[in-house]
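*Asks:* Could you look at this predicted model? Sequence included:
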Amino acid sequence: MSIFLMGVWDPDTKQWCTVAKCGNGHDDKTIEKLNKELKMTKISKDPSKVPSWLSVHRSLVPDFVIADPKVQA
């Protein structure tokens, strides 16, 4: 992955809400590290597979999502 949706936690809805799309500013080493360390699930831009903890506009549904950041591994 090299383009990331960034979000903030909304305590009222108890969801992460996407607020920005970041596709630059990461060097190759950082992108490689993120791809190795983040637990990602492929959802192939399928809106029905967006987890309930994530609020994302239909036009920005991603190919992959990470594990819920509020859940301890």
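*Replies:* Great, that's in hand.
*Asks:* Identify the bridge partners of the most centrally placed residue in the chain.
*Replies:* Centroid check for the chain by C-alpha atoms, centre = their mean gives Val65 as the closest residue, at 4.7 Å. Using DSSP bridges, the beta-bridge partners of Val65 come out as Thr41.
*Asks:* Confirm for me that it is in contact with Lys45.
*Replies:* No - Val65 is beyond contact range of Lys45, at 10.7 Å (criterion: C-beta atoms under 8 Å). The C-beta positions use only the backbone N, C-alpha and C, and glycine is treated the same way.
*Asks:* still on that earlier bit, got the contact list for the residue nearest to the centre of the chain?
*Replies:* By C-beta atoms under 8 Å, 6 or more residues apart in numbering, the contact set of Val65 is 40-41, 43, 50-51, 54.
*Asks:* distance of it from Met6?
*Replies:* Counting by C-beta to C-beta, to the nearest Å, the gap from Val65 to Met6 is 13 Å.
*Asks:* and the closest residue to Pro69 other than its chain neighbours, how many neighbours?
*Replies:* In this structure, Pro69 finds its nearest non-sequential neighbour in Trp16, 7.1 Å apart by C-beta to C-beta, 6 or more residues apart in numbering. For Trp16, the count of nearby residues is 22 (other C-beta atoms under 10 Å).
*Asks:* What of Pro62?
*Replies:* 20.
*Asks:* for the residue nearest to it when sequence neighbours are not counted, what are its contacts?
*Replies:* Spatial nearest neighbour of Pro62, chain neighbours left out: Leu5 (5.9 Å); criterion: C-beta to C-beta, 6+ apart. Residues near Leu5 by C-beta under 8 Å, 6+ apart: 18, 20-22, 56, 60, 62.
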